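Undergrad: The sequence and its predicted three-dimensional model are supplied below.
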Amino acid sequence: MKKSAKGNMYEVTLEETWDLFGSYLDGSRSALVCAVSESSLSARARSALESSLEALGYGRESCAYATLDAEIDSAALFLLLEGIDPLCLIATDETAARALGKTYRCHVEPMMASRAFGRTVVAFRNFDTMLDDAQSKQTAWALLKKLPRLGAH
């Protein structure tokens, strides 16, 4: 096993994951949360997620964004997600929810909270379009509040 200069084996795995999957990843390199999407999220959707995660105690810059494409199969997605090892996952669309379900061999239902491999998962049909009206925003916020809160609240 490789060791980092600081002697932290997890740091090596994290860096190797970003080196290997960097073209599919964006955002925080030491993410507490990973948002998985079929395609890149809009700036509006990222900002809304970051504000929500900040309100939940994760911090504004606590999210990594993983974008799926045809080259990412279940085994690769598993390596990517386990390599960055987030506390929880967000499927921002139905394609991402299906991919997470297939990867972790569990049912990830859009518009529900669930668990996958010990992590809380919240899944949306389409997070970006939910930001178009006030009622849908409230529904999205209610689902995001199913993620565990960090810190004193």
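TA: Nice, I can see it. Residues are numbered from 1 along each chain as shown.

Undergrad: Could you identify the helix or strand that succeeds the helix or strand harbouring Leu14?
TA: Element membership of Leu14 [criterion: DSSP states H and E] is helix 9-21. With elements assigned by DSSP H and E, the helix or strand that comes after helix 9-21 is strand 25-27.

Undergrad: ok, and what's touching the next helix or strand after that following strand?
TA: Later in the chain than strand 25-27, the nearest helix or strand by DSSP H and E is strand 33-37. Strand 33-37 is contacted from outside by 27, 41, 49, 53, 58, 62-68, 77, 81, 84, 86-93, 96, 99-100, 147, using C-beta atoms under 8 Å, 6 or more residues apart in numbering. Bear in mind the C-beta positions are built from the backbone N, C-alpha and C, glycine included.

Undergrad: Please tell me how far Leu89 sits from Gln135.
TA: For Leu89, the distance to Gln135 (C-beta to C-beta, to the nearest Å) stands at 25 Å.

Undergrad: Over to Arg149?
TA: Counting by C-beta to C-beta, the gap from Arg149 to Gln135 is 24 Å.

Undergrad: where do the strands sit along the chain?
TA: All strands of the chain, identified by DSSP state E, fall at 25-27, 33-37, 63-67, 88-91, 112-116, 119-123.

Undergrad: Same list, these, but as CSV with mean pLDDT please.
TA: Formatted as CSV, the strands of the chain follow (pLDDT from 0 to 100):
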stretch, mean pLDDT
strand 25-27, 96
strand 33-37, 98
strand 63-67, 97
strand 88-91, 98
strand 112-116, 96
strand 119-123, 97
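
Undergrad: which one of those strands lies closest to Trp141?
TA: Closest approach to Trp141 among the strands of the chain (C-beta to C-beta): strand 119-123, 10.9 Å.

Undergrad: the inter-axis angle of the closest one versus strand 112-116?
TA: Per axes from the mean of the first three to the mean of the last three C-alpha atoms, to 10 degrees, the angle that strand 119-123 makes with strand 112-116 is 150 degrees.

Undergrad: got the angle for strand 119-123 vs strand 33-37?
TA: Counting by the same axes, to 10 degrees, strand 119-123 lies at 40 degrees to strand 33-37.

Undergrad: Perfect, that will be all.
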